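Peer 1: fold the following, please.
(one chain, ligands or ions: 1)
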Amino acid sequence: MSVVSAEGMKRAAARAALATVTHGMRLGLGTGSTAAHFVDLLGARVKEGLSVVCVPTSERTRAQAESLGLTLSTLDETPQLDLAIDGADEFDASLRLIKGGGGALLREKIVAAASERMFVIADATKEVKTLGAFPLPVEIDRFGARATFLHIERAARGLGLIGPLTLRETAPGEPFVTDGGHYTVDCAFGAIDDPDALATRLSAIPGVVDHGLFIGLATAIIVGVSDGVRIIG
Ligand code: 5RP
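Peer 2: Numbers count the residues shown, from 1 in each chain. Sure thing, here's the model as predicted:
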């Protein structure tokens, strides 16, 4: 019996995603440990002669890509991408995702939306029947954060979702600040029976910059499993 670690499954998914990358592609690079496997493997292929242009979704990914000698661009210079490769905190059978655990959901969503296709790479532990076991990250403007927090609570309650909301911190009393200069609220709602309705409600709140529900963005999910990969979509 082969025992493959979560890291091994992430690496397998990243390797399978890399196999779809061809010369000259414009790529969106995700954020997180799974995306980091992809960037690492991509760096090795580029050293062997593959030529691609990459738009990173975070300063963290930018630093990694830079250190590997990848050709970097921005969405201002390269507003249309061929493929975004990114991880997820959770996914369901309908290709709906929760993202943002790594604090980069806004740029990840902008890059995914600018890409013709988005391949999600994840280990099998991220698959769920119903989204919501992972607290949903919501990126909010710093101005009026407390008021926005209350709006989120009220909007969720309207859908029967009640759960503790927590302002993400890097240390007690020190809010985590995203690359875009915003705060993140982690919403532990539990099972989200209607992600589409919640996404609509959250997007309508003025102080919400964006939320971690990615719906209709993923083209396919490459799931690392114990004996290779499984493709959903
Ligand atoms: C970052 C993300 C990541 O893709 C998500 O948190 C998954 O991370 P990991 O691959 O480390 O499990 O959304 O904002």
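Peer 1: downstream of the lengthiest strand in the chain, the next helix or strand is which one?
Peer 2: Counting residues, the longest strand in the chain under DSSP state E turns out to be strand 115-123. Counting by DSSP states H and E, the next helix or strand C-terminal to strand 115-123 is strand 136-140.
Peer 1: and that next one, what other elements does it pack with?
Peer 2: On a contact count with 3 or more Cβ pairs under 8 Å, 6 or more residues apart in numbering; DSSP states H and E, strand 136-140 meets helix 105-113, helix 145-157, strand 183-187, strand 208-211. Glycine gets a C-beta too; all of them are placed from N, C-alpha and C.
Peer 1: let me know the angle separating it from helix 145-157.
Peer 2: Per axes from the mean of the first three to the mean of the last three Cα atoms, to 10 degrees, the angle that strand 136-140 makes with helix 145-157 is 140 degrees.
Peer 1: off-centre distance for strand 136-140?
Peer 2: Computed by Cα atoms, centre = their mean, to the nearest Å, the chain-centroid distance of strand 136-140 equals 12 Å.
Peer 1: direction included, what does that strand pair against?
Peer 2: Using DSSP bridges, strand 136-140 pairs in its sheet with strand 183-187 (antiparallel), strand 208-211 (antiparallel).
Peer 1: any idea which of those gets closest to the ligand?
Peer 2: Closest approach to the ligand among the strands paired with strand 136-140 (Cβ to the nearest ligand atom): strand 183-187, 9.3 Å.
Peer 1: distance between that closest one and the chain's centre?
Peer 2: Using Cα atoms, centre = their mean, the offset of strand 183-187 from its chain centre is 15 Å.
Peer 1: ok, that strand near the ligand or not?
Peer 2: No. Judged by Cβ under 6 Å from any ligand atom, strand 183-187 stays clear of the ligand, getting no closer than 9.3 Å.
Peer 1: can you list the buried residues in the helix or strand that comes right after that strand?
Peer 2: Using DSSP H and E, the helix or strand that follows strand 183-187 in sequence is helix 195-203. Neighbour counts using 16 or more other Cβ atoms under 10 Å place Pro195, Leu198, Ala199, Arg201, Leu202 of helix 195-203 among the buried residues.
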